[in-house]
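> Make a model of this:
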Amino acid sequence: MEEILHIPVDYQGVEREFEARVQVWQYGHRWFVQVEGVELVFERDDAGAYRALTPEGYAGKLPDRGLVQAIAEVLDAL
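Predicted structure coming up:
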């Protein structure tokens with residue numbers, strides 16, 4: 001079952017909102033977030049922090065790294 005949530009992110013003094021789908025996956029969950037035209041998958045790494053993965057085979061321009069980190073920090077706080 002998937003849920004849609006809106007994630008508010010303050011990055012470089014600008015408040016932005018990202019639509020995210022949360023999906024139960026294996027032993028936890030993962031988030032699908034559209035960032036600058038790319039759907040990133042956020043899932044927990046071995047240390048328990050969120051990491052962002054690009055779609056398999058994606059070779060385009062990646063979103064701003066700082067923005068991706070800011071999104072991961074918000075997800076960590078949820």
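> CA atoms for contacts and neighbours, from now on please.
OK.
> part of a helix, is residue 69?
Yes: the assignment for residue 69 is a helix, going by DSSP: H, G, I helix; E, B strand; the rest coil.
> got a pLDDT number for it?
What the model reports as pLDDT for residue 69 is 96.
> Convert the C-alpha atoms of stretch 68-78 to CSV, please.
Provided in CSV are the C-alpha atoms of stretch 68-78 (Å, rounded to 0.1, in the frame of the first residue of the first chain):
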residue,chain,number,x,y,z
VAL,A,68,18.8,16.0,-1.8
GLN,A,69,20.6,16.0,1.6
ALA,A,70,18.0,18.5,3.0
ILE,A,71,15.2,16.2,1.9
ALA,A,72,16.9,13.2,3.5
GLU,A,73,17.3,15.2,6.8
VAL,A,74,13.5,15.9,6.8
LEU,A,75,12.7,12.3,6.2
ASP,A,76,15.1,11.3,9.1
ALA,A,77,13.1,13.6,11.3
LEU,A,78,9.7,12.1,10.4
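> residues of that stretch that come out buried?
68, 71, 72, 75 (16 or more other Cα atoms under 10 Å).
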